[in-house]
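Q: sequence first, then the predicted structure:
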Amino acid sequence: MRDLAAAHPRLSGVLRHDEAVLAPETYLEHLTALGCTADVWETTYIHLLTGEDPVLDWVKGTGLRPVLTALADDPAAKDEFLNDYRTALRRAYPPGRHGTPFPFRRIFAVARKET
């Protein structure tokens, strides 16, 4: 998504930078610097998505929203971006026998601070 957006003049600065989500160790450092005891962990859920373009459908409700908003007044540009992105996603996430496996990374933190 970032590569395609970078090539489009109207999408400059629309997406979060790729360092928007930090490493779990960095969150742990920030929390302990605040005087917290903390547990931080990372997991990757593998969602099995179904449909013709399941990953595109998934990201339309998440990371793709800023792009769709920025191109809302230019349907041709929006369609062109979606077609290019659809092609890239189909290559990156080919369907399996029972659907399209989609890894989804999450970082969790539980912090406690004595008052």
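A: All right, it came through fine.

Q: quickly find the element holding the residue nearest to Lys60 when sequence neighbours are not counted.
A: Distances taken as CB to CB, 6 or more residues apart in numbering place Leu68 nearest to Lys60, at 6.9 Å, with adjacent residues excluded. To be clear about C-beta, it is placed using only N, CA and C from the backbone, and glycine gets the same treatment. Element membership for Leu68, per DSSP states H and E: helix 65-70.

Q: from the chain's centroid, how far away is that helix?
A: Distance, stretch centre to chain centre, for helix 65-70: 13 Å (CA atoms, centre = their mean, to the nearest Å).

Q: and Ala6, what is it in contact with?
A: Counting by CB atoms under 8 Å, 6 or more residues apart in numbering, Ala6 touches Ser12.

Q: show me what the longest helix along the chain is packed up against.
A: Using DSSP state H, we find that the single longest helix of the chain is helix 75-92. Contacts defined by 3 or more CB pairs under 8 Å, 6 or more residues apart in numbering; DSSP states H and E place helix 75-92 against helix 2-6, helix 54-60.
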